[in-house]
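Colleague: Structure, please.
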Amino acid sequence: MLTFWAATLAASDVRRRKLPNVWLLAGLALGVVVLVGRGVLPFGHALLEGVLALALALACFVPFYLAGWMGAGDVKFLAVIGWLGGFEILASVFVIGSLIAGVAAVAIRGFPRAWRRLAGGDWLSDRLAMRVPYGACLALAFVAVVWLGHPEWLPAIKGRFA
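Modeller: As a prediction, the model looks like this:
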């Protein structure tokens, strides 16, 4: 379920450069459903940690949105990831997603024609088409963390927030 959710958001970000609020709200709702059913959020942490991780994501990334460096959807997506996964998952997804975004930026600049075809053809403006779909990079990182677990190569993050 989480993989489908993240893949849907990634596809929307690549094709339209939008992370629809309805899908972000679906992620919040999924967390609530799991919390009611199991007594913990999807990754096994308590309600308080989910709320605090969501608040931390907003506090850290809203300034990037205000500066024009991130889209509002990216900020909301990170907040939902914090809600669903807590501090460790949020930190892991941010670090891995940023690394993926760096690789994507090099690929987009290096192969602009191929990227424009992949990203939806000619309907995107040139300026918009050449921007890195950061939400898609975060979604890919989220799926990697869901399937592979928390990376051991992030010792500075692992366990700090437990």
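Colleague: Please tell me how far the most centrally placed residue in the chain sits from residue 17.
Modeller: Using Cα atoms, centre = their mean, the residue of the chain that lies closest to the mean C-alpha position is residue 138, 3.4 Å off. Here residue 138 is placed at a distance of 14 Å from residue 17 (Cβ to Cβ, to the nearest Å). The C-beta positions use only the backbone N, C-alpha and C, and glycine is treated the same way.
Colleague: Please apply the same query to residue 50.
Modeller: Looking at residue 50 against residue 17, where the rule is Cβ to Cβ, the gap reads 28 Å.
Colleague: again with residue 33
Modeller: Counting by Cβ to Cβ, the separation of residue 33 from residue 17 is 29 Å.
Colleague: Same check on residue 4?
Modeller: The span separating residue 4 from residue 17 equals 21 Å under the rule Cβ to Cβ.
Colleague: When the two are compared, which one has more neighbours?
Modeller: In this comparison of residue 4 against residue 17, neighbours counted by other Cβ atoms under 10 Å, the higher total goes to residue 17 at 21 against 9.
Colleague: What are the contacting residues of the stretch of helix or strand residue 27 belongs to?
Modeller: With the criterion set as DSSP states H and E, the secondary-structure element containing residue 27 is helix 21-38. Helix 21-38 has contacts (Cβ atoms under 8 Å, 6 or more residues apart in numbering) with 1-2, 5, 8-9, 12, 40-42, 47, 50, 73, 76-77, 80-81, 83-84.
Colleague: And the residues you listed, which of them are buried?
Modeller: Among the contacts of helix 21-38, the ones that count as buried by 16 or more other Cβ atoms under 10 Å are 2, 5, 9, 12, 41-42, 50, 73, 76-77, 80-81, 83-84.
Colleague: Between those residues, which sits nearest residue 63?
Modeller: Distance from residue 63 was checked for each of the buried ones among the contacts of helix 21-38 by Cβ to Cβ. The minimum falls on residue 76, at 14.6 Å.
Colleague: ok, then the element right after the helix-or-strand element of the chain with minimal mean pLDDT?
Modeller: Scoring the helices and strands of the chain by mean pLDDT, DSSP states H and E places helix 126-129 at the bottom, with a mean of 58. For helix 126-129, the following helix or strand on the C-terminal side (DSSP H and E) is helix 134-148.
Colleague: so that following helix versus helix 21-38, what angle?
Modeller: In this structure, helix 134-148 runs at an angle of 30 degrees to helix 21-38, with axes from the mean of the first three to the mean of the last three Cα atoms, to 10 degrees as the basis.
Colleague: Is it correct that residue 58 is in contact with residue 75?
Modeller: Yes: using Cβ atoms under 8 Å as the test, residue 58 is close enough to residue 75 to be in contact (6.8 Å).
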